[in-house]
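Asker: What would the 3D arrangement of this be:
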Amino acid sequence: MEEHEEIKKLLKRYAAGECTSEERIRVERWYEKLDIHVGEPSEEQMEDDVAEIRKRLPTPPRRQITTWYRYAAAVAAVIIMAVGAYFQFTRTDGLTTATDNLAISDQQDIAPGETKATLKLANGREITLDGTPDGEVAQDGSHAIYKNTNGELVYQITDAAGNSTGTPVFNTMHTPRGGQYHLVLPDGTKVWMNAASTLTYAINGSAKERLVKLEGEAYFEVTKDPQRPFRVESKGQIVEVLGTHFNINSYADEPAVKTTLVEGSVKVAGTANQQAVILQPGQQAALDEHSRLSVKQADISDAMAWKNGKFSFKHSDIGTVMRQLSRWYGVEVIFQGEKPNIMLSGEVYRNTNASKVLEILSFYDLDCKIEMNDGIKRIVIQ
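Answerer: From the prediction side, this is the model:
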């Protein structure tokens, strides 16, 4: 904690142009290690950043501030946010610069997740989609299944009569750890699946409802059909909609199931006690491990970050952070010793190697490393 306060004092001196040459070099090396690409700052950007610094500093004597000092303040603002409260990485084409607490070779580094999934048909046949060429993937009952050039799976009805009669026929889509996928259901509903998730759905329209079962996390844009409500069953709850956009996070290792409504209206009901709530856009329902249902205003950007290609953390404990990294990078995370009691906030792009994401943890005095034993990579935190 004392070291953290010293860092903040140093950054304040840097912003005010009061550093020694040695201190200035030290701060600018931190900035380079963060690998944050800001380009040439505009006059407006520098003024905004200086204003942010001034909020945190005592009122200085009135004097002229040169462009260099204003840019120095902008640099310090970025580092203060990264070290103290907030971090934001952007991907660059340069090599990763490791911090003192992070030593990872290119061979040890872990690549980000990819577009990959497995489709299980009603007859039990399994298709590895990432290894399948674009075009028709299979025929299943009254539907042809296509993989298009955008990497999404689409169903097309080939027999309208067969589609509306008979026993429901189910398909199952599974994304592994380190994978994600986008599919369009037979009714036109669009689904984005996060890593380590499973979705089971009927491909014919004989039922009076459109029922899908979800394990993990997915975002839905539901096609309206007042005659056939769309229901999502997941980890102790059922979400019912007519046509709307929403996200469900129902991983087994998370303490609560979170349903976030972006557009429209949904009803969320617990299966254990029949407690139910109706969400309005911008709200989030949470079903905890005791089957208690609560509602709060949602941070939509946070809930939707994974779909938009980012990790987003807002005052998240390290366990929450590492569970997300574990699923996306497809690796086990091991805490050696007691789990650190720290909270993290910030955004990191998901299309970067694990080492880039782990860099920020080293600023919290954590020893982060990637180990490989018998060909299996693990993230180890001390």
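
Asker: Got phi/psi on the residue nearest to residue 202 when sequence neighbours are not counted?
Answerer: In this structure, residue 202 finds its nearest non-sequential neighbour in residue 168, 4.2 Å apart by C-beta to C-beta, 6 or more residues apart in numbering. C-beta here means a position set from N, CA and C on the backbone, and glycine is covered the same way. Dihedral angles of residue 168 (phi, psi; degrees, to the nearest 10) stand at phi -60, psi 140.

Asker: can you give me the helices in the chain?
Answerer: Counting by DSSP state H, the chain has helices at residues 2-15, 21-34, 43-56, 67-80, 160-163, 300-303, 318-329, 354-362.

Asker: And these, which one averages the lowest pLDDT?
Answerer: Mean pLDDT is lowest for helix 43-56 out of the helices of the chain, coming in at a mean of 47.

Asker: and this structure, what are its domains?
Answerer: Following the assignment in automatic domain parsing, the chain carries domains at 2-85, 114-183, 208-298, 312-381.

Asker: Next one, pLDDT for residue 129 please.
Answerer: 96.

Asker: Give me the neighbour count for it.
Answerer: 22 (other C-beta atoms under 10 Å).

Asker: which ones are touching it?
Answerer: Residues near residue 129 by C-beta atoms under 8 Å, 6 or more residues apart in numbering: 116-119, 137, 147, 153, 181.

Asker: cool, residue 335 as well?
Answerer: Residues near residue 335 by C-beta under 8 Å, 6+ apart: 322, 381-382.

Asker: What of residue 219?
Answerer: Residue 219 neighbours (C-beta under 8 Å, 6+ apart): 191-192, 245-247, 304, 307.

Asker: How about residue 331?
Answerer: Residues near residue 331 by C-beta under 8 Å, 6+ apart: 110, 177, 325, 354, 370, 377-379.

Asker: give me that answer again for 6 Å
Answerer: 110, 377-379 (C-beta atoms under 6 Å, 6 or more residues apart in numbering).

Asker: How about it: what's its closest non-neighbour residue?
Answerer: Among residues not flanking residue 331 along the chain, residue 377 sits closest, at 5.3 Å (C-beta to C-beta, 6+ apart).

Asker: List the residues that contact that neighbour.
Answerer: Counted by C-beta under 6 Å, 6+ apart, residue 377 has contacts 110, 331, 370.

Asker: Was I right to think the first one contacts residue 354?
Answerer: Pointing back at residue 110 there. Yes: with contact defined as C-beta atoms under 6 Å, residue 110 reaches residue 354; the gap is 3.8 Å.

Asker: Give the residues shared as contacts by those two.
Answerer: residue 329.

Asker: sorry, back to before: from residue 229, how far off is the residue nearest to residue 202?
Answerer: As judged by C-beta to C-beta, to the nearest Å, residue 168 and residue 229 stand 15 Å apart.

Asker: Show me which of these two is the more surrounded one.
Answerer: residue 229 (16 against 13).

Asker: Ends of stretch 174-194, what's the gap?
Answerer: Using C-alpha to C-alpha, to the nearest Å, the end-to-end distance of stretch 174-194 comes out at 10 Å.

Asker: and it, how far from the chain's centre?
Answerer: 15 Å (C-alpha atoms, centre = their mean, to the nearest Å).

Asker: Okay, buried residues for that stretch please.
Answerer: Neighbour-count burial for stretch 174-194 flags 174-176, 178-187, 189-194 (criterion: 16 or more other C-beta atoms under 10 Å).

Asker: contacts for that stretch?
Answerer: In contact with stretch 174-194 (C-beta under 6 Å, 6+ apart) are residues 113, 116-118, 152-155, 195-198, 201, 203, 217-223, 306-307, 327, 330.

Asker: Next step: those residues restricted to strands.
Answerer: Among the contacts of stretch 174-194, the ones falling in strands (DSSP state E) are 118, 152-155, 197-198, 201, 217-221.

Asker: pLDDT at the residue nearest the centre of the chain, what is it?
Answerer: The centre of the chain sits closest to residue 306, judged by C-alpha atoms, centre = their mean, with a distance of 2.9 Å. With respect to pLDDT, residue 306 has a value of 97.

Asker: Quick check: it vs residue 265, distance?
Answerer: In terms of C-beta to C-beta, residue 306 sits 23 Å off from residue 265.

Asker: Check residue 259 too.
Answerer: For residue 259, the distance to residue 265 - C-beta to C-beta - is 12 Å.

Asker: neighbour-wise, which of the two wins?
Answerer: Neighbour tally, residue 259 and residue 265, criterion other C-beta under 10 Å: the higher count belongs to residue 259, 26 against 16.
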